[in-house]
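S.K.: sharing a model that was predicted from the sequence below.
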Amino acid sequence: MTRLVGINHVALEVGDVDEALTWYGRFFEFELRGRAGGRMAFIDMGDQFIALASGRTQPPDGARHFGLVVDDKEAVRKRLREEGIPVPASGSLDFTDPWGNHVQVVAYGDIQFTKALEILRGMKLDGLSKSGQALEELRAKGLAAGSTET
């Protein structure tokens with residue numbers, strides 16, 4: 001049977017691609033990987049990307065969401081609050097963009113997801129580290145230094 005290896009990209013439907021690039025650019029530093037006409041744009045995240053596609057057709061997301069991994073979750077929280085976007089003061093960081101996409105922001109150090117060191121270096125993020133809990137979760141799966149097979 002074929003095994004899942006990862007996610008290449010997530011595609012978000014937005015009302016207007018240029019508006020979405022401006023809106024997300026208020027909260028996240030990113031590079032544009034490219035565009036496909038005026039209807040799609042690709043936001044680079046090292047070895048992954050998010051595709052923005054104009055033409056939102058469904059109602060706002062509720063439980064359905066995706067998680068963005070960042071180097072500083074609290075800086076994102078602060079910026080969202082400064083812009084009047086309702087987010088909790090602490091804990092989980094969830095928001096809904098103007099097109100109804102439910103986004104959850106998580107800190108790189110707190111999750112199992114791991115970028116290869118050469119990717120982090122290329123992104124100028126090689127100083128990022130994992131929390132003890134994230135490392136324990138990785139070790140339990142045999143995916144980190146000091147892992148034991150179970």
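M.R.: Done, it's in.
S.K.: the residue positioned nearest the centre of the chain in helix, strand or coil?
M.R.: The structure's the chain has its C-alpha centroid closest to Leu68; by C-alpha atoms, centre = their mean the separation is 1.7 Å. With DSSP: H, G, I helix; E, B strand; the rest coil as the basis, Leu68 sits in strand.
S.K.: so what's it closest to, chain neighbours aside?
M.R.: Val105 (5.3 Å; C-beta to C-beta, 6 or more residues apart in numbering). For every residue, glycine as well, the C-beta is placed using N, CA and C.
S.K.: wouldn't Gly38 be in contact with Ala53 here?
M.R.: No. If you go by C-beta atoms under 8 Å, Gly38 and Ala53 don't touch, sitting 10.9 Å apart.
S.K.: so for these two, which residue has more residues nearby?
M.R.: The residue with more neighbours, out of Gly38 and Ala53, is Ala53; 15 against 10, by other C-beta atoms under 10 Å.
S.K.: before we move on, the earlier item: isn't the residue nearest to the centre of the chain right up against Val106?
M.R.: Yes. Using C-beta under 8 Å, Leu68 and Val106 qualify as a contacting pair, with a distance of 7.2 Å.
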